[in-house]
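sequence and predicted structure are below.
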Amino acid sequence: MAAIASSPAARSARLGLRATPEQEAVLRRAAEVAHKSLTEFILDSACLAAERTLLDQRLFMVSGSQYQTLMELLERPEQTNEGLRDLFSRKAPWDAK
């Protein structure tokens, strides 16, 4: 997982934020230690956190026995589910127009 890279010339969106003096101080110090500008450090850190948050929505870690149980459930013959049939027969709210 790599943070989204961008060159300063390619940046066109502007973000604004407010921080306490203590937050600013720790961010500036961390940026210095990482040999990055404050902007680069904040953007890199924020993008990394955003990617992790998004990955948490897609990647699930399970034990071998949990994985085996899931595979067994997926291999079972399908069963009629009237609730799902009803749900999928309706138009999605975002397609209602």
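Nice, thanks for sending it over. If you're wondering where the values come from, they're calculated on a predicted model, not measured in any experiment.

show me where pLDDT drops low in this structure?
1-9, 96-97 (pLDDT under 70).

by contact count, what packs against the host helix or strand of A50?
Assigned by DSSP states H and E, A50 belongs to helix 38-56. Judged by 3 or more C-beta pairs under 8 Å, 6 or more residues apart in numbering; DSSP states H and E, helix 38-56 is in contact with helix 21-33. All C-beta atoms are positioned from the backbone trio N, CA, C, and that covers glycine.

helices or strands up against the helix it packs on?
Right, helix 21-33 is packed against helix 38-56 by 3+ C-beta pairs under 8 Å, 6+ apart.

what's the helix or strand just after the helix it packs on in contact with?
Proceeding N to C from helix 38-56, the next assigned helix or strand is helix 64-75, under DSSP H and E. With contact meaning C-beta atoms under 8 Å, 6 or more residues apart in numbering, helix 64-75 is reached by V62.

rerun at 10 Å
F60, M61, V62, S63 (C-beta atoms under 10 Å, 6 or more residues apart in numbering).

quick one: the residues you listed as JSON lines, columns for neighbour count and distance to L87 too.
Formatted as JSON lines, these follow (neighbours: other C-beta atoms under 10 Å; distance: C-beta to C-beta, whole Å):
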{"residue": "F60", "neighbour count": "9", "distance to L87": "23"}
{"residue": "M61", "neighbour count": "6", "distance to L87": "29"}
{"residue": "V62", "neighbour count": "10", "distance to L87": "26"}
{"residue": "S63", "neighbour count": "8", "distance to L87": "31"}
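
now stretch 84-97: how far from the chain's centre is it?
Averaging C-alpha positions (C-alpha atoms, centre = their mean, to the nearest Å) puts stretch 84-97 27 Å from its chain's average.

dump it to PDB, keeping only the CA atoms.
Output of stretch 84-97 as PDB, limited to C-alpha atoms (Å, rounded to 0.1, in the frame of the first residue of the first chain):
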ATOM      1  CA  LEU A  84     -33.800 -10.700  -1.000                       C
ATOM      2  CA  ARG A  85     -36.000 -11.400  -4.000                       C
ATOM      3  CA  ASP A  86     -38.200  -8.500  -2.900                       C
ATOM      4  CA  LEU A  87     -35.300  -6.200  -2.200                       C
ATOM      5  CA  PHE A  88     -33.600  -6.800  -5.600                       C
ATOM      6  CA  SER A  89     -36.900  -6.500  -7.500                       C
ATOM      7  CA  ARG A  90     -37.200  -2.800  -6.300                       C
ATOM      8  CA  LYS A  91     -35.400   0.000  -8.100                       C
ATOM      9  CA  ALA A  92     -32.500   1.500  -6.200                       C
ATOM     10  CA  PRO A  93     -33.200   4.900  -4.600                       C
ATOM     11  CA  TRP A  94     -30.400   6.500  -6.500                       C
ATOM     12  CA  ASP A  95     -31.800   5.200  -9.800                       C
ATOM     13  CA  ALA A  96     -35.300   6.500  -9.000                       C
ATOM     14  CA  LYS A  97     -35.100   9.400 -11.400                       C
END
